[in-house]
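Participant: below are the sequence and a predicted model for it; my questions follow.
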Amino acid sequence: MPFGLVSAWNKRRRSKSEDMLNPWIYKPVEYWQIEDQNPPAAKRRHGSSVFTLKEMEEATNSFSDDNLLGKGGFGRVYKGTLRSGEIVAIKKMDLPSFKEAEGEREFRVEVDILSRLDHPNLVSLIGYCADGKHRFLVYEYMHKGNLQDHLNGIAEVKMDWPLRLKVAIGAARGLAYLHSSSAVGIPIIHRDFKSTNILLNTNYDAKISDFGLAKLMPEGQQSCVTSRVLGTFGYFDPEYTLTGKLTLQSDVYAFGVVMLELLTGRRAVDLTLGPSDQNLVLQVRHILNDKKKLRKVIDPELSRSSYTMESITMFANLASRCVRTDSSERPSMVDCIKELQLILHTNTKGLNMTMHTFRMI
């Protein structure tokens with residue numbers, strides 16, 4: 001029976017919200033299509049392709065180290081070339097036996113969600129392989145890698161301020177789309193939003209990736225309580241960590257952490273620093289609304305000619321509200337988009353005025 005159809009293991013009873021995002025309960029993944037309500041975007045292919053293990057081996061030259069893009073807790077990601085000639089990124093799920101069930105769940109959640117969503121700021125799922133015990137996810141290839149590599153000097157290009165604002169707006173749009181419920185009828189919480197899960201294409205358009213921990217909000221509810229706190233240290237919503245209560249605002253907190261990374265060029269957690277300086281939020285939260293002290297935490301790699309202090313101040317203020325301890329005091333992702341667009345406009349206008357004044361002199 002093809003992967004994506006009803007099988008014995010998934011005949012158990014499910015809630016309505018779970019059923020809405022499990023394609024193998026009703027029909028193959030290919031038949032599920034959700035129209036993107038946010039213009040403009042080039043439409044992806046219809047449905048997700050199913051690949052064999054042999055095709056995955058051919059695409060990656062037998063998983064050659066030369067094709068290795070990165071490693072994570074899930075396994076490895078390889079650059080691959082399909083028989084069609086298309087260049088892709090192939091995630092090879094490789095977990096120890098005691099984590100196999102967890103890995104299978106994450107694999108199915110990711111196929112579930114990405115096969116339904118279609119948005120320019122979400123990574124495209126091209127297909128998957130479920131051959132025996134082997135599990136692979138095949139994505140569009142993002143030529144510029146992940147955001148964190150650019151901020152920490154691993155990538156070849158350091159980002160100026162307008163480009164960082166562009167990335168922030170793109171990522172915010174992706175999260176807002178997930179939260180809006182327009183795609184599947186109920187909101188989706190990403191739950192593992194972080195700078196390494198923000199991928200960049202050749203135009204530095206931001207696309208959110210890695211949906212293995214994504215959670216569907218129970219229908220008609222604003223929050224849900226989970227038995228385990230999942231995600232990445234440094235991006236955890238304090239309220240979620242303390243109570244297990246997961247909300248859309250948990251993603252907003254993580255977005256605020258990424259904003260601080262964009263502002264400072266520092267990691268969310270840096271274990272090479274002293275104990276009091278390892279956590280970025282705790283390190284800078286108290287100075288985000290102090291304009292004089294704020295200058296000291298701006299990424300020194302940022303070209304001074306690329307930003308205005310007014311836009312930096314506005315950005316820091318928004319970030320400080322996103323990482324507030326009380327989730328009810330955080331803005332929505334839609335509000336974040338509006339403010340970020342205003343910040344970009346303010347920065348552009350300020351730089352143009354500076355250039356005009358310089359020419360007059």
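Facilitator: In hand now; what should we look at? Numbering: from 1, shown residues only.

Participant: okay, strands next: where are they in this protein?
Facilitator: Per DSSP state E, the chain carries strands over the ranges 49-50, 68-72, 75-81, 87-93, 125-131, 134-140, 188-189, 198-200, 206-208, 215-216, 223-225, 245-247.

Participant: export those strands as CSV, with columns for mean neighbour count.
Facilitator: (Each C-beta comes from the backbone N, C-alpha and C, glycine too.) Shown next, in CSV, are these (neighbours: other Cβ atoms under 10 Å):
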stretch, mean neighbour count
strand 49-50, 17
strand 68-72, 13
strand 75-81, 19
strand 87-93, 21
strand 125-131, 22
strand 134-140, 22
strand 188-189, 24
strand 198-200, 25
strand 206-208, 24
strand 215-216, 20
strand 223-225, 14
strand 245-247, 20
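
Participant: okay, now residue 165: neighbour count?
Facilitator: Counted with other Cβ atoms under 10 Å, residues neighbouring residue 165 total 24.

Participant: who's in contact with the residue positioned nearest the centre of the chain?
Facilitator: For the chain, residue 208 is the residue whose C-alpha lies nearest the centre (Cα atoms, centre = their mean; 3.2 Å). For residue 208, the contact set (Cβ atoms under 8 Å, 6 or more residues apart in numbering) comprises 121, 122, 123, 171, 174, 175, 178, 190, 193, 197, 198, 199.

Participant: need the max-distance pair from those.
Facilitator: Of all pairs drawn from the contacts of residue 208, the widest gap by Cβ to Cβ lies between 178 and 199 and measures 15.6 Å.

Participant: could you count how many residues lie near residue 177?
Facilitator: Neighbour number of residue 177 under other Cβ under 10 Å is 23.

Participant: do residue 61 as well
Facilitator: Residues near residue 61, counting by other Cβ under 10 Å: 14.

Participant: tell me how far it lies from residue 242.
Facilitator: Distance, residue 61 to residue 242, using Cβ to Cβ, to the nearest Å: 47 Å.

Participant: same thing with residue 279?
Facilitator: Applying Cβ to Cβ to residue 279 and residue 242 gives a distance of 16 Å.

Participant: so for these two, which residue has more residues nearby?
Facilitator: Per other Cβ under 10 Å, whichever of residue 279 and residue 242 has more neighbours is residue 279, with 18 against 11.

Participant: bridging residues for that one?
Facilitator: Taking DSSP bridges, one finds residue 269 as the beta-bridge partners of residue 279.

Participant: doesn't residue 267 make contact with it?
Facilitator: No - taking contacts as Cβ atoms under 8 Å, residue 279 lies outside contact range of residue 267: 9.9 Å.

Participant: among the strands of the chain, which is nearest residue 147?
Facilitator: Among these, strand 198-200 comes nearest to residue 147, with 4.2 Å by Cβ to Cβ.

Participant: which other helices and strands does the closest one contact?
Facilitator: The helices and strands touching strand 198-200, judged by 3 or more Cβ pairs under 8 Å, 6 or more residues apart in numbering; DSSP states H and E, are helix 147-151, helix 161-180, strand 206-208.
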